[in-house]
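1. Provide a 3D model corresponding to the input given below.
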Amino acid sequence: VILLSSIIFNYLIAKAITTNYKHCSRNILILGICVNVSGLIVFKYYNFLINNINPIFNIQLPLLHLGLGLGISFITFMQIAYIVQVYQGIITDFNFKEYALFASFFPKLINGPIAYYEETIPQFTSPTSLKPNYDNMAKGSYIFFIGLFKKLVVADTLALVANSGFDASTTLTVIEAWLTSLAYTFQIYFDFSGYIDMAIGIALFFNILLPINFNSPYKAMNIRDFWKRWHITLTRFLTTYIYIPLGGNRNGEASTLRNIIITFVISGFWHGAGWTFVFWGFLHGIAMVINRLWEKTQIKIPKVLGAFITFNFVNIAWVFFRANTWADATKILSGMFGFTGYKGFSFLAGYGRFDIISMGIAFLLAII
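-> Residues are numbered from 1 along each chain as shown. All right, here's what the predicted structure looks like:
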């Protein structure tokens, strides 16, 4: 119901922008964006906002016990991109059937990649897309099973280590804390990139080529390089529809640095309704600012050192992304920096020998 309502609403907004109401198309666009964002707030952020407002004003506003629709964040971003592109004149030829197909194409619905209308609709309407292509099916199967392996064998096994450290243990030694953080760092990559591979593979069965979303992000030489490799379609969306409308780099250095931080804070909040997500985005914004300022010095860092610094920053920042509370994040970081002891593997005590061996193999596969 939510998806269908969203499709109908945004299609009507697009029609209103291009037909009878061109004189107020900007206001219609703003209305469309506000309604899309409002829907996301109600389902994803309302309880978070109420939990923060109630203590501040000493009130008792009720919570909404709503289920969070699968893929609602990705759907919202795709819908906003669609109506903005209609407003900009990028999309001129469309109909409801094609738009409904674009918005509900199931491989990309839950986890992306964030594909644009003009990237996919020409493929849907091409005569060659309507015929079975066994070469694409073979490629799609190959990519799909790579993604399935990433998810079920590597990511889900590493999740045992990460969950033990983040959720089950009260204190962690240095070794345990680093194993926990590294396990999650590799888990989230193989989990997310595995889903994307499966989406790309399934789409190929329909002769649809979805955009690539990852390019070996943990090989990045600096944080800017990381965001060119990690969740590429999200970086593209944030740059086009948040960073540039804020002013981009057009209004001086101070404004540019501010826009970078705002963009990444929004990115953090989009990922999850919690202050730890916001702080994760803020950390990446600060890192991008530092990287930009460092580049102005024209001092070159050796590639190996740059990759080492970047990976460890990303690894530490992921702690806040994964932690359920500030206390969980503090627990992991305290262990990583030696405040709770150096020896021991007590957090793996509840697992059998087979589990430990499979975790070790998953770590080895992740590193390779």
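
2. contacts and neighbour counts: CA atoms only from here.
-> Noted.

3. how about low-confidence regions in the chain?
-> Flagging of the chain using pLDDT under 70 yields the residue ranges 20-23, 340-356, 367.

4. Recalculate using a threshold of 80.
-> 19-23, 68, 93-94, 339-368 (pLDDT under 80).

5. Go through it and flag its longest helix.
-> Longest helix in the chain by number of residues (criterion: DSSP state H): helix 174-205.

6. Who are the packing partners of the next helix or strand after that one?
-> Downstream of helix 174-205, the next assigned helix or strand under DSSP states H and E is helix 223-229. Helices and strands touching helix 223-229, by 3 or more CA pairs under 8 Å, 6 or more residues apart in numbering; DSSP states H and E, are helix 275-297.

7. Could you list every helix and strand that the helix it packs on packs against?
-> For helix 275-297, the packing partners by 3+ CA pairs under 8 Å, 6+ apart come out as helix 223-229, helix 253-271, helix 303-322.

8. who touches it?
-> Applying CA atoms under 8 Å, 6 or more residues apart in numbering, the contact partners of helix 275-297 are 222-224, 257, 260-269, 271, 317-318, 320-321, 323-326.

9. Just the buried ones among these, please.
-> Buried subset of those (neighbour count, 16 or more other CA atoms under 10 Å): 222-224, 257, 260-269, 317-318, 320-321, 323-324.

10. Now render the helices and strands packed on helix 275-297 as JSON lines, adding distance to residue 108.
-> Shown next, in JSON lines, are these (distance: least, CA to CA, whole Å):
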{"stretch": "helix 223-229", "distance to residue 108": "19"}
{"stretch": "helix 253-271", "distance to residue 108": "17"}
{"stretch": "helix 303-322", "distance to residue 108": "23"}
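
11. Residue 124: which of these is closest?
-> Closest approach to residue 124 among the helices and strands packed on helix 275-297 (CA to CA): helix 223-229, 27.2 Å.

12. Touching that closest one from outside, list them.
-> So helix 223-229 is contacted by 213-220, 235, 284, 287-288, 291, 310 (CA under 8 Å, 6+ apart).

13. Give me the next element, helix or strand, following it.
-> Helix 223-229 is succeeded, C-terminally, by helix 232-238 (DSSP H and E).

14. circling back: roughly how far is the longest helix of the chain from the heart of the chain?
-> Remark: helix 174-205 is offset 12 Å from the chain centroid, using CA atoms, centre = their mean, to the nearest Å.

15. Also stretch 313-323?
-> Its chain's C-alpha centre and that of stretch 313-323 lie 14 Å apart, by CA atoms, centre = their mean.

16. And stretch 278-290, by the same measure?
-> 15 Å.

17. Pull out the buried positions in that stretch.
-> For stretch 278-290, burial by neighbour count (16+ other CA under 10 Å) applies to 278-289.

18. For it, list the C-alpha coordinates in CSV.
-> This file holds the C-alpha atoms of stretch 278-290, laid out as CSV (Å, rounded to 0.1, in the frame of the first residue of the first chain):
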residue,chain,number,x,y,z
VAL,A,278,24.6,10.7,12.9
PHE,A,279,28.0,10.7,14.6
TRP,A,280,29.3,8.1,12.1
GLY,A,281,28.3,10.5,9.3
PHE,A,282,29.9,13.5,11.2
LEU,A,283,33.2,11.6,11.5
HIS,A,284,33.3,10.9,7.8
GLY,A,285,32.4,14.6,7.1
ILE,A,286,35.3,15.7,9.3
ALA,A,287,37.6,13.2,7.7
MET,A,288,36.6,14.6,4.2
VAL,A,289,37.3,18.1,5.4
ILE,A,290,40.7,17.1,6.7
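
19. Show me what stretch 116-126 is in contact with.
-> If you take CA under 8 Å, 6+ apart as the criterion, stretch 116-126 is touched by 78, 81-82, 91, 98-99, 102, 129-130, 207-210.
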